[in-house]
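K.L.:
how would this look folded up:
(4 chains)
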There are 4 protein chains.
Amino acid sequence: MVVVLKRGVTEEKQEQLIHWLQNQGLQIHISHGQNLTILGLVGDTSRVDMDLVESLEIVDSVKRVSEPFKCCNRKFHPEDTVVEIGDVRVGGGHFVQIAGPCSVESEEQIVGVAKAVKAAGADMLRGGAFKPRTSPYDFAGLKAAGLELLKLARQETGLPIVTELMNIMDLELFADVDVIQVGARNMQNFDLLRELGRLDKPILLKRGLANTLKELLMSAEYIMASGNERIILCERGIRTFSDYTRNTLDLSAVPMLHELSHLPVIVDPSHATGMARLVPPMALAAVAGGADGLIIEVHNDPIHALCDGAQSLRPEEYAALAEKIRAVRKVVTA
Amino acid sequence: MVVVLKRGVTEEKQEQLIHWLQNQGLQIHISHGQNLTILGLVGDTSRVDMDLVESLEIVDSVKRVSEPFKCCNRKFHPEDTVVEIGDVRVGGGHFVQIAGPCSVESEEQIVGVAKAVKAAGADMLRGGAFKPRTSPYDFAGLKAAGLELLKLARQETGLPIVTELMNIMDLELFADVDVIQVGARNMQNFDLLRELGRLDKPILLKRGLANTLKELLMSAEYIMASGNERIILCERGIRTFSDYTRNTLDLSAVPMLHELSHLPVIVDPSHATGMARLVPPMALAAVAGGADGLIIEVHNDPIHALCDGAQSLRPEEYAALAEKIRAVRKVVTA
Amino acid sequence: MVVVLKRGVTEEKQEQLIHWLQNQGLQIHISHGQNLTILGLVGDTSRVDMDLVESLEIVDSVKRVSEPFKCCNRKFHPEDTVVEIGDVRVGGGHFVQIAGPCSVESEEQIVGVAKAVKAAGADMLRGGAFKPRTSPYDFAGLKAAGLELLKLARQETGLPIVTELMNIMDLELFADVDVIQVGARNMQNFDLLRELGRLDKPILLKRGLANTLKELLMSAEYIMASGNERIILCERGIRTFSDYTRNTLDLSAVPMLHELSHLPVIVDPSHATGMARLVPPMALAAVAGGADGLIIEVHNDPIHALCDGAQSLRPEEYAALAEKIRAVRKVVTA
Amino acid sequence: MVVVLKRGVTEEKQEQLIHWLQNQGLQIHISHGQNLTILGLVGDTSRVDMDLVESLEIVDSVKRVSEPFKCCNRKFHPEDTVVEIGDVRVGGGHFVQIAGPCSVESEEQIVGVAKAVKAAGADMLRGGAFKPRTSPYDFAGLKAAGLELLKLARQETGLPIVTELMNIMDLELFADVDVIQVGARNMQNFDLLRELGRLDKPILLKRGLANTLKELLMSAEYIMASGNERIILCERGIRTFSDYTRNTLDLSAVPMLHELSHLPVIVDPSHATGMARLVPPMALAAVAGGADGLIIEVHNDPIHALCDGAQSLRPEEYAALAEKIRAVRKVVTA
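P.N.:
Numbering: from 1, shown residues only, chains lettered A, B, ... in the order given. The predicted structure follows:
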C-alpha cells in the first residue's frame, strides 16, 4: 500500500501517522520528493481501511498495490484449477458445455431437452427450479418438485445437473445436486457464500450485473476461505447504458480473470444478450476468446416457455451451434 | 402493451398471433399504417412475456405502456403514504432525520452517538449489527449483541432504531427493532422481501447499485403484495463510470419516484459519496430536491471506526449540518 | 409512433391533440381500453419531437416504433453493402485486416511496420498523423508530414492507408488518403460528418465511447444523407463501470448492427482493451462473433512508441494472430 | 508515480528499468518489502506513459499519485477563480443565473424570453444559434442570423449572451459574443479547445456525457495552456444505465470539482434531466450542493419550440423558481 502525503505536512503530524501505521504491524519506507512525500507500507495491508487513511487531513491519496484476494489469486497458485464433476472436467484445458431450459416445467419438457442436448454433445444439464423474478406476479419455479424432475432427467441421460440455490434455508434440498449455481443477484449474498464454502460440492458463481472483477473474486474468496475450492466463475453480461441488448457481454473479463485467478471461467451468452438470435455469435466469440465453457438456454418450445423464452435456442439450433463450438475450440487450442 | 408487426406479414400469421393474444384474455385494437401494423393490447398485460412476443418472427418490437407495479403505483393511490414509527412520521410532508454509526461497536459508542444525534435533532438512530462486507476478512458486525446495544441506546434516548437484516434466518432477532433495513445488495433477494411483506413493521428499502427505478418499485411491490404497506424507499447512489466518488448519487430519482409512487423517499448521502466532506453538500441538495428524509453516518471517533470511517461525520459536524438541513427544508416547503 | 393518454382525459383535450398531430401530416388510429387510450400515429413521424409530446399534460408516455434512420437501415436496403478500396473489399462476406501503429513516427518505423503487416497478410495499413490526446502536453502526431510518410509506406507495399481526420480544416491534406477515419470523440461532430458526406471516399466511423447503436447509425445517416454511402462501422469499446480494462468491448454490437443496418462492421480490439495481451483473444472473439474485419495496433518497438505502446502488438505477435484469425474465420463461415 | 515490481525480478532487470526512468529525468526511491519492491518516482512524471510502464514484463502495476493537470489544479492555485463578464461575476462567492431558450427561433421569441428572464432576475441570456442534433433531419439552428438576434436581445435587456460554438471555422462570427459555450459532444474536440485558449473571452465548458472529472479538467487545461484562464465548468448529466431521465445528474461533481480545481462550477438541470418538471427540484438541489450558478432552459411557448421543448420552463415557472433559488442560496451561504 502506498500513502501519498499532502504538501506542507508538519514533521510532527507525519510522525503520528507513521507510528499509527507501525502499530498495525507494518513497515514504512519513506520517499521524499520535491512536491510529495510517499510512504510505502510493507506487510499485511489487507486489514488496513484504505478509505479511512485516505480521509485523513494530511493524506493526499492512497493506492493499494496488492490484491485483497488470496485463495483465488493466481500469484499464489499459478496452476489452473480443474473442477471435476463426475467424469466432467472444467478448466486447465478442459472445456464444458452446459445446456438446458431456463426453468424446469414438466417431466416431458426436462427429460426431452436433456436427451436433446446430450445428443448434441452437452456435458451437463442446466434447469431452474427456484427462479428469481423481478415481479412478484411472475412464475417462480417448481421448487422441490423441479429438483426431482432434474434428477429424473439426470437418471435418463447421465448428465450431471446444475441448478440455482436462492436461499440458505433450501440448502438440504440441494444435497443431491451436482453443481450449485449462485445467481447474479446473489453474488454478494455473503451469508449464502459462506455456507456454500462449507460444502464439498462445485459452485457455479455468476458475476453480478454491476460488479467488478475484483468483487467477483472477493465473492469466490468468501467460498474458498470457508474451505470449498471447487468454484467455476461465470461472466453473464453487465449493466451499461447500451440499450439494444438485455445486458452487455463483457468478454474481455475472460482473459482478465484467467490472468488474475486460477479458477475456470465460463460464459452465459443467453442471459448476456437476452435474444436467442445473438446467442450463437456470442457463444462462438466466447470460445474464441478463451472461455473454459458455456452455459446456454435450450427449450423444446420457446414460445410456450414459462420464463425467458425469448433467449432460448431450439434443440436443433443448439445442435448446430454445439458443432461449431467444437470446431472453433479446436482451432483456438491448436 | 403495443405490438408492432414487421412489414409484409401475411394475414394468416397475423391472425394466429391475434388469436394467441386473445386467448390470454386481451382485447386487440389494430392500426394499419403504410409501413406498419400496430396492435394495441388492452386488458391485464402484466403477465404477458414482452421479450417472448418481441422474439416472434413476425414482430418488429413491443412496448409496454403501463407499469407492471400496482400496489406502489401512484396512479392507483394518488395520496402520499405516511409511514409512522411511534411518533415519527415519514412522507406526506413529514421529514425524517436518521443518524448513527455504520456499525454498532460498543455500548459507549452507540449510546454516545445516540445522545449526540438526538441532541442535534435526529428523529431515529441507525446502526449496523449485521454488516455485508465485500471481503471475508473484514469486520462483519456484532450481530445479536449489536442489536441489544441498539435497544439500550433506544432506551437511553427514546429514538426508534433502524438496522439491517441480511438473512431470513435472523428474522426473529429483529422482532423488537423499529425499522428493518434492506441493504442495496439485497434489494432483489426476493425470498427475503416476501418474508418482510408478512410483518407489521416498517421497511427501509435501499435501491441496488445497478437497479432502475422500476426494479426498485418492483421490489417494493414484492413486500406490498405480501401485505406490508409500510415502506420507505432510499436512494443511496448508483454505479457508473465516474470514479472520483464511491457511487454516483442519482438525485433526480427523488422527484421521479414521487411521481411514480406514493411511498416516501429518503436519501443516504454517506454511502452515495463515500467521503465525509461530500456528505453536507449532498445532504442539503437532497433536502432541496424534495427528499422526505436523510440517513447519515455519524461516528464519535471516525479514525477508529471498524467500518466506513471515511464517510462518517463527527457529532459536531452532524449538529451543524442538521441545523442547515432544517433551514433548507423550511425554504423549500415555504 | 404510439401515444398513450392519461386516464380521465377529457374528450376536448384529446381532440385538440389529435388535430395538432393531424396538422403535422399524420394519420391517427385510436384504441380505447379500460384504463388507457392509445393513439397510433401513422405517416412520417421522424420529425415529431417525441420528448415534447411526452411532456404534454394529458400524455402518459410516447413510444417510437420505427427507427429514425433511413439510408443505413436494413429494412429499406436488405442487401449487405460492400465497401471497395482498390482491390480490397469489406462486408457482404469479405473480411478485412487493417494493421499498423497508433502514430506514424518516422519513415523507418512506418515502412518497417507496413512491410511486416503486409507479410503477415494485412489488407490495409493504419497509422495516425493527427492524434487526439486527453492531455495538451502529450505528443499529438506528425500531422502533414505523417500523411506523407503513410503514402510512402503505401508506395512501398501497395497497402491502402487508413488515417484519422480530426478537423474539417485539414480536409484537403487527406485528398490522397484511401480511407478517412472518424474517431470515437468525433462521432457526433456533425459538421465534420456532413462534410465527409460530400466526398467520394470510404469513411471508417468509430462508435463513441458512450454512444448507443442508434446514435452510431444516426451519425452514419449524417454522412449518407449528404451522399456518401461508403461507410464502415467500427466497435471499439464503450465506457462502463468495469475498471480492469480501458474500455468494455461490446461485442454483441456486431450482430445487432448487422441486423439493424446493411453497412459492414469491424472491431478494434486494441482500443477496446488497452492491453496488448488481451488483443489476441478479443480479436479472435470478434471474428467468431461475425465481424467483417479487424483494426489492430502493431508497432515494431512498443516500448519506445510515442503513443499507446501498451496496447500494441509486435510484428511477430501480429503475424501469429493473423494466421489464427484466418483459421477462425474459415470455421465460422464454413 | 509509484511503480510496483513483480516478485522474483532479477537485480539486473530492475537496474535496467531504473536507468531508463532516470534517463527521463526522474529520481527513484526504492522500498523493498517481503513480497514487493516499490519504486517511488519523483520529478516531472507528467510525460511518462503510465500504460506503457505497466505493460513491461517486470512491472506489476503503476499508480499515478499526482494529477496530470496543472493550470486548473487547486493545489497550485488555492484561490477561487472569479470569471467576470461585464458586471457579472461567477465563482468565489458570486452566483450566476443563466436562462433562455434552447434555440433562438425569432426576434419576437428571443427578445420576449430575454425580457422575461431578466425580469425574473437572470444575469445572462442563453440561446443556441448553432445546434448539434443527433439526426441530420432535425432543425440545426438559425446560425449567423441567430447570433444577430441574440445581440438584439442583449441590446434590449443588457444581458450578456452565452451561445454554443460547434466549429472553429465559425469562430469569427462569435467575436461579439460574451461567453462561448463548448457543448458536451465537443468537450474533447482538442483543436477547438486549443483555439479557444487563444481568445480573451470566457468559455463555458460542459462536461461530456461519459467523461470523468479528470478528463473535464484536462480539457480545461487545453484552454488554459494556450493562455485563456477564464473558464466556467458545467455539470450537465452523465450517461448511465438509469433510464427514466435523459441523463443522470452527477451532483457530487460540484463539490469534488471545487476541491480539485479553482475554477467556478455551474449546473445545467435542463439537459441533465430532460424533463421540465424535474428542473426546479434539481436546480434547487444544485444550489444547496454548492454550485456557482445555473443554466436553465426557458421558452415562452414550449409546445411549439423547435428544439428541446420538453425540458423548457415557461417564463412564469422560471420566475417562481428563480426566487426559490435565491432563498436557498441565502440559506446555504449564511
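K.L.:
Name the SS class of the residue nearest to A:Val111 when sequence neighbours are not counted, please.
P.N.:
Once flanking residues are discounted, A:Val111 sits nearest to A:Ala153: 4.9 Å by Cβ to Cβ, 6 or more residues apart in numbering or on different chains. (C-beta placed from N, C-alpha, C; glycine too.) Assigned by DSSP: H, G, I helix; E, B strand; the rest coil, the conformation of A:Ala153 is helix.
K.L.:
check contacts around the spatially closest residue to A:Asp49 that is not a sequence neighbour.
P.N.:
Of all residues not flanking A:Asp49 in the chain, B:Gly309 sits nearest, at 6.3 Å (Cβ to Cβ, 6+ apart). Residues in contact with B:Gly309 (Cβ atoms under 8 Å, 6 or more residues apart in numbering or on different chains) are A:49, A:51-52, A:55, B:102, B:299, B:302-303.
K.L.:
any idea how far B:Gly309 lies from A:Val62?
P.N.:
According to Cβ to Cβ, to the nearest Å, B:Gly309 and A:Val62 sit 13 Å apart.
K.L.:
how about the helices in chain A?
P.N.:
Under the criterion DSSP state H, chain A contains helices at A:11-22, A:50-55, A:107-119, A:144-157, A:190-196, A:213-225, A:253-260, A:269-273, A:279-288, A:315-332.
K.L.:
How confident was the prediction at the nearest residue to A:Pro202 once chain neighbours are set aside?
P.N.:
Of all residues not flanking A:Pro202 in the chain, A:Arg230 sits nearest, at 4.2 Å (Cβ to Cβ, 6+ apart). Looking at A:Arg230, its pLDDT is 98.
K.L.:
Also A:Ala116?
P.N.:
Predicted confidence (pLDDT) for A:Ala116: 97.
K.L.:
pretty sure it contacts A:Ala319?
P.N.:
Yes - the pair A:Ala116 / A:Ala319 is scored as a contact, 7.5 Å apart, by Cβ atoms under 8 Å.
K.L.:
coming back round to it: around the residue nearest to A:Pro202, how many other residues sit close by?
P.N.:
Per other Cβ atoms under 10 Å in any protein chain shown, the neighbour tally for A:Arg230 reads 20.
K.L.:
How about A:Glu156?
P.N.:
16.
K.L.:
ok, it - contacts?
P.N.:
Residues near A:Glu156 by Cβ under 8 Å, 6+ apart: A:111, A:114-115.
K.L.:
wait, which of the residues you listed is closest to C:Val267?
P.N.:
Nearest to C:Val267 out of those is A:Ala114 (Cβ to Cβ; 36.3 Å).
K.L.:
Just give the number of residues close to the closest one.
P.N.:
By the criterion of other Cβ under 10 Å, A:Ala114 has 29 neighbours.
K.L.:
now A:Asp200
P.N.:
Neighbours of A:Asp200 (other Cβ under 10 Å): 8.
K.L.:
repeat for A:Arg198
P.N.:
Residues lying near A:Arg198 (other Cβ under 10 Å) number 12.
K.L.:
ok and the residue in chain A nearest chain B?
P.N.:
Residue of chain A nearest chain B, by Cβ to the nearest Cβ: A:Ala210 (3.0 Å).
K.L.:
of all the residues in the stretch 201-334 of chain A, which ones are close to chain B?
P.N.:
A:208-210, A:215, A:218, A:221-222, A:225-226, A:239, A:246, A:274-277, A:302-303, A:305, A:307-311 (Cβ under 8 Å from any Cβ of the partner chain).
K.L.:
again, only this time at 6 Å
P.N.:
A:209-210, A:218, A:221-222, A:225, A:239, A:309-310 (Cβ under 6 Å from any Cβ of the partner chain).
K.L.:
Need the residues you listed in TSV (columns: pLDDT and distance to B:Asn186).
P.N.:
Below are those laid out as TSV (pLDDT from 0 to 100; distance: Cβ to Cβ, whole Å):
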residue	pLDDT	distance to B:Asn186
A:Leu209	93	15
A:Ala210	93	14
A:Met218	96	17
A:Glu221	95	20
A:Tyr222	94	16
A:Ala225	92	21
A:Arg239	95	17
A:Gly309	70	28
A:Ala310	80	28
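K.L.:
of all these, which comes closest to chain D?
P.N.:
Nearest to chain D among these is A:Arg239, at 4.7 Å by Cβ to the nearest Cβ.
K.L.:
Is the closest one in contact with D:Ser242, as I believe?
P.N.:
No - counting by Cβ atoms under 6 Å, A:Arg239 does not reach D:Ser242; the two are 9.9 Å apart.
K.L.:
low pLDDT regions in chain A?
P.N.:
A:33-35, A:46-47, A:65, A:305-308 (pLDDT under 70).
K.L.:
Which of the residues of the stretch 201-334 of chain A next to chain B has the largest number of neighbours?
P.N.:
That'd be A:Tyr222 among these, by other Cβ under 10 Å, with 29 neighbours.
K.L.:
OK, contacts around that one?
P.N.:
By Cβ atoms under 6 Å, 6 or more residues apart in numbering or on different chains, the contact set of A:Tyr222 is A:190, A:193-194, B:136.
K.L.:
and the closest residue to it other than its chain neighbours, how many neighbours does it have?
P.N.:
In space, and not counting its chain neighbours, A:Tyr222 is closest to A:Leu193: 3.9 Å by Cβ to Cβ, 6+ apart. Under the neighbour criterion other Cβ under 10 Å, A:Leu193 is assigned a count of 25.
K.L.:
what does the one 4 residues further on give?
P.N.:
Taking other Cβ under 10 Å as the criterion, the count of residues near A:Gly197 is 20.
K.L.:
In contact with it, which residues?
P.N.:
Shown in contact with A:Gly197 (Cβ under 6 Å, 6+ apart): A:223, A:226-228.
K.L.:
how about a cut-off of 7 Å?
P.N.:
Counting by Cβ atoms under 7 Å, 6 or more residues apart in numbering or on different chains, A:Gly197 makes contact with A:222-228.
K.L.:
returning to what we had before: quick one, which of A:Ala116 and A:Ala319 is more surrounded?
P.N.:
A direct count of neighbours by other Cβ under 10 Å for A:Ala116 and A:Ala319 places A:Ala116 higher, at 21 against 18.
K.L.:
Test my guess that that one contacts A:Arg314.
P.N.:
No - under the criterion of Cβ atoms under 7 Å, A:Ala116 is not in contact with A:Arg314, lying 9.0 Å apart.
K.L.:
Near chain D, which residues of the stretch 151-300 of chain A? Just list them.
P.N.:
Listed as neighbours of chain D in the stretch 151-300 of chain A under the rule Cβ under 7 Å from any Cβ of the partner chain: A:239-241.
K.L.:
Go back to these and keep what's next to chain C.
P.N.:
The subset of those within reach of chain C, by Cβ under 7 Å from any Cβ, is A:240-241.
K.L.:
Which one of the residues of the stretch 151-300 of chain A next to chain D is nearest to chain C?
P.N.:
A:Thr240 (4.5 Å).
K.L.:
what's the burial count for the closest one?
P.N.:
Applying other Cβ under 10 Å, we find 26 residues neighbouring A:Thr240.
K.L.:
Just want the phi and psi numbers for it.
P.N.:
phi -140, psi -180 (degrees, to the nearest 10).
K.L.:
what about A:Glu15, neighbour count?
P.N.:
If you count neighbours by other Cβ under 10 Å, A:Glu15 ends up with 10.
K.L.:
Look up the closest residue to A:Gly40, ignoring the ones flanking it.
P.N.:
That would be D:Ser31: by Cβ to Cβ, 6+ apart, it lies 3.5 Å from A:Gly40.
K.L.:
correct me, but that neighbour touches A:His29?
P.N.:
Yes - with contacts counted by Cβ under 7 Å, D:Ser31 reaches A:His29, the gap being 3.3 Å.
K.L.:
quick one, which of these two is more surrounded?
P.N.:
Ranked by neighbour count (other Cβ under 10 Å), D:Ser31 and A:His29 place D:Ser31 first, with 22 against 17.
K.L.:
Contacts only, for that one.
P.N.:
Per Cβ under 7 Å, 6+ apart, neighbours of D:Ser31: A:29, A:40, A:42, D:38.
K.L.:
Next, work out how far apart it and A:Phe130 are.
P.N.:
D:Ser31 sits at a distance of 51 Å from A:Phe130 (criterion: Cβ to Cβ).
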